[in-house]
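S.K.: Make a model of this:
(3 chains)
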Amino acid sequence: MKLSALNDMQQKAVLQTEGPVLILAGAGSGKTRVLTHRIAYLIEEKGIRPQQILAITFTNKAAQEMKERVEAQIGVLCRDMWVSTFHSTCVRILRMNIDKLGYDRSFVIYDMDDQKRLLKECYKQLNIDDKAWPLASTHNEISSSKDELISPEEYEKQAGADFRRQKIAQVYHLYQKKLQGNNALDFDDLIFKTVQLFTLHPDVLEYYQDRFQYIMVDEYQDTNTSQYQLIRLLASKYKNLCVVGDDDQSIYKFRGANIHNILDFEKDFPKALVIKLEQNYRCSKSILDAANQVISNNRGRKAKTLWTDNPEGTPIQKIETQNEYEEAEYVAKQIIEEIEEGREYKHIALLYRTNAQSRVLEEKLIRANIPYRLYGGVRFYERKEIKDLIAYLRTIANPSDDIAVQRIINVPKRGIGNTTVDRIIEFAHTEAYDFFDVLLAADEIPVLQRAASKLKAFANMMISFQHQVPHIKLVELVEQILKDTGYLQELERENTDESEGRIENIKEFISKVADYEQSADEPSLSGLLEEISLVADIDNYNEENNAVSLMTLHSAKGLEFPCVFITGLEEGLFPSYMSIASGDEQDIEEERRLCYVGITRAEQQIYFTHARSRMVRGNTQYNRMSRFLEEIPVYLYGETEEKEFRPTSNTPIFQQNKVNIPTRKVKIDMPTPTHFQLTFEEGDQVKHKKFGQGVVLEIRPAGADYEVTVDFGEKGIKKLMAHLSKLQKADH
DNA sequence: CTCCTTTGTCTTTTT
DNA sequence: GACAAAGGAG
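M.R.: Purely as a prediction, here's the structure:
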């Protein structure tokens, strides 16, 4: 086995196979290489069997790559080696054992949307007003409690006399009861229930301890308490635990990530060997310097200095524009320049803090005929038509899944309205039936008499699908559903751009099902559903596809690109308004780490852009340049510190052509009028819905719209966006 | 029961 | 601006 390709520290990390090891791996320091070599070394030199190894990665994509790399290196397939994410690992364990916790082994996994629906149901049943108790915050509280391994009972105990927390405890209880009744787990349950399984059933724990004698965890800085406990339990017998992480890249606090897991590793595992990988192989010197300068403003870090032998490289670029449209135009123009100088599309990434920022960028890329691919945002499996189809599949796989049944009971329309559905829920609840069972017994229930025939027809159709499952292929099942329910027919009848897009998506879904059926070891309906619920969008990242990548800074973690644009570097956007307003320096520090992650994605070239004004949620904001850019010393920006970009009115690249986006249909509503036609001028009388009639004092262009100052007399002088507020010219 | 319009809230980030 | 929920008409 060749270790000569590794530096001293990397070799040390590979060779120390026994006992607890903490690898502090700076950005671009070759940690993936270390991990794959380590696994290969375990198998080849130490004679460890692949099935004794468990490696946890952050994404499915990373897992797959790591496995392939190991297999390529040792020339043997390792089918029994578990390389996967926390969630997938837990699902695998639970599928074998969850009956011990009173669930059925064919449980389904609820995504965010399902979770919210179920919560809403709880609200209804408990008579809780979602105005006074925002759904999102309740959901958040329950989710983070689960991350902290706090059960409903425990939560209630801790709530004490606190009214708010008592109320949430009530919801949490019911929510959990309903999940179990639907034979469903949410994301957080996957980990929580596995820990519970291990704590309540030591024999099961011991089985997995003996099986996984060598455990490795990547991106350890982003593990939360429940994940930590899971690993601690699994590793406690043999203690061959190797964790890899970088405290400077911890960016998932909002998801419960506990940075102390990595900061206190040596406390938890006293004899741990700590190895620091400090040589960066990825970034040019300028880029790394910039990143180091930014992150040096954080306190409470593990001491380390990331350095590189790489050349200085080209200076980093900082560009200011008037607004987000010009920012996007600059980016598009600059991408074209990069391409002309020989860069490939797939080597360019466009990063931003919030998903909402992608729209304007997409628009300009399309006009400039630049192929791109969008990751995140509205995910493929979250689209209405896809979720509908999945709900059908879920109903077939698990009729107890009330949320799925309710989603599709009247999609497409079969004359089963809200009133009927409410009555079914009511009845199911008082008599403790599954929603689906009520459908079958509808004609015996007085309040459902009128709808009974429709309900039974629906239920029978689902049952007949169920009977078919063992005999036909999954693809055929999906096609059968589309046909028998009339779903496809209805879309075809609509015949709009939108419905066409939906049909496209359905076709893509079918081909994904076919892919699954071909590639899976033992394809099954529940296996398909599981895969669907656990894939992240980034898992579909594909090098083959020669297109610019657009994604949030969070999604970019673990990836690298020769050329990176980070857009929207403005106070209030990045760092986010929330982190500034909280007044907690720790929140700013998390944003700064996110910035650090962003910068260190770049190998050769990085561009920072910020806009003086930007539309956020319908109104224009004026933001100062981000503090993070102030933290980068001037000399790194090259000769000209700040450049300003001014588009010329007829920049040739922005033709109105649409471009075909290769694989995924991206939802964009084009074209957005660049020049909104005003029907009035200064001095005219205009009408407004709320304020009535007024006189136009001033008109200023702002993005695609105009900012108009109007004197509404006693209602005051207002600044309005002409298009947005639908200002109309009025006669006297 | 369905379709259409209006209203209000919202967003940081995601397995 | 986007989307869901609520309200009103047929």
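S.K.: Low-confidence stretches in chain A?
M.R.: Residues of chain A that meet the criterion pLDDT under 70 lie in A:1, A:377-379, A:537-541, A:543-544, A:639-642, A:648-677, A:688-691, A:700-707, A:714-727, A:731-732.
S.K.: Mind telling me which residue of it is nearest DNA strand C?
M.R.: Going by CB to the nearest atom of the strand, DNA strand C is nearest to A:G618 of chain A, at 3.0 Å. In short, each C-beta sits where N, CA and C put it, glycine included.
S.K.: if I look at that residue, how far off is A:G683?
M.R.: Per CB to CB, to the nearest Å, A:G618 is found 27 Å from A:G683.
S.K.: So A:G558, which state does it fall into?
M.R.: What DSSP: H, G, I helix; E, B strand; the rest coil gives for A:G558 is coil.
S.K.: What about it, how many residues nearby?
M.R.: 20 (other CB atoms under 10 Å).
S.K.: how close does it get to A:Y252?
M.R.: 12 Å.
S.K.: What of A:I56?
M.R.: Between A:I56 and A:Y252 the computed distance is 15 Å (CB to CB).
S.K.: Also A:D99?
M.R.: Going from A:D99 to A:Y252 by CB to CB gives 32 Å.
S.K.: Mind checking which of those two has more residues around it?
M.R.: Shown here are A:D99 and A:Y252; by other CB under 10 Å, A:Y252 has more neighbours (20 against 12).
S.K.: Could you list which residues are in contact with that one?
M.R.: By CB atoms under 8 Å, 6 or more residues apart in numbering, A:Y252 lies in contact with A:222, A:224, A:554.
S.K.: 6 Å instead?
M.R.: Each residue near A:Y252 by CB atoms under 6 Å, 6 or more residues apart in numbering is listed here: A:D222.
S.K.: Roughly how far does A:N398 sit from A:Q468?
M.R.: Taken as CB to CB, the span from A:N398 to A:Q468 is 16 Å.
S.K.: do A:W82 as well
M.R.: 33 Å.
S.K.: Which of those two has more residues huddled nearby?
M.R.: A:W82 (22 against 14).
S.K.: Any idea what the more buried one is bridged to?
M.R.: A:W82 has the following beta-bridge partners by DSSP bridges: A:L54.
S.K.: number of nearby residues for A:F436?
M.R.: 23.
S.K.: wait, what's in contact with it?
M.R.: By CB under 6 Å, 6+ apart, the neighbours of A:F436 are A:399, A:405.
S.K.: Closest residue of the stretch 601-732 of chain A to DNA strand B?
M.R.: A:R617 (4.7 Å).
S.K.: any idea how far A:Y577 is from that residue?
M.R.: 11 Å.
S.K.: Report the distance from the longest strand that chain A contains to the chain centre.
M.R.: Ordering each strand of chain A by length in residues (DSSP state E) puts strand A:602-616 first. Strand A:602-616 sits 22 Å away from the centroid of its parent chain (CA atoms, centre = their mean, to the nearest Å).
S.K.: same question, stretch A:560-576
M.R.: 18 Å.
S.K.: now do stretch A:576-588
M.R.: So, by CA atoms, centre = their mean, the centroid of stretch A:576-588 is 22 Å from its chain's centroid.
S.K.: Now do it: everything it contacts.
M.R.: So stretch A:576-588 is in contact with A:575, A:591, going by CB under 6 Å, 6+ apart.
S.K.: Can it be said to contact DNA strand B?
M.R.: Yes - contact of stretch A:576-588 with DNA strand B (CB under 7 Å from any atom of the strand) involves A:576-579, A:587.
S.K.: And that stretch, end to end?
M.R.: From its first residue to its last, stretch A:576-588 covers 8 Å (CA to CA, to the nearest Å).
S.K.: Let's verify A:E156: helix, strand, or coil?
M.R.: Look at A:E156: counting by three-state DSSP, its state is helix.
S.K.: quick one, what contacts it?
M.R.: Residues near A:E156 by CB under 6 Å, 6+ apart: A:A169.
S.K.: elements contacting the longest helix along chain A?
M.R.: Secondary structure of chain A per DSSP state H: the longest helix is helix A:497-519. Helices and strands touching helix A:497-519, as assessed by 3 or more CB pairs under 6 Å, 6 or more residues apart in numbering; DSSP states H and E, comprise helix A:384-397, helix A:474-484, helix A:487-494.
S.K.: Report the buried residues of it.
M.R.: When neighbours are counted by 16 or more other CB atoms under 10 Å, the buried residues of helix A:497-519 are found to be A:501-503, A:505-506, A:508-510, A:512-513, A:516-517.
S.K.: Just give me the closest of those to A:L3.
M.R.: Of all the buried residues of helix A:497-519, A:L3 sits closest to A:Y516, with 38.3 Å by CB to CB.
S.K.: how about the nearest residue to that closest one, chain neighbours excluded?
M.R.: The shortest distance from A:Y516 to any non-neighbouring residue, by CB to CB, 6 or more residues apart in numbering, is to A:L528 (5.4 Å).
S.K.: what about the one you found, which helix or strand?
M.R.: Element membership for A:L528 (DSSP states H and E) is helix A:525-534.
S.K.: Next, the buried residues of that helix.
M.R.: Quick answer for helix A:525-534 (16+ other CB under 10 Å): A:525-534.
S.K.: Unless I misread the structure, A:V244 falls within a helix.
M.R.: No - with three-state DSSP as the criterion, A:V244 is assigned strand and is not in a helix.
S.K.: so what's the backbone phi/psi at the residue lying closest to it once chain neighbours are set aside?
M.R.: For A:V244, ignoring the flanking residues on the chain, the nearest one in space by CB to CB, 6+ apart is A:I23 at 4.4 Å. Dihedral angles of A:I23 (phi, psi; degrees, to the nearest 10) stand at phi -100, psi 110.
S.K.: repeat for A:S576
M.R.: phi -70, psi 160.
S.K.: hang on, the earlier thing: what about the residue nearest to A:V244, neighbour count?
M.R.: 28.
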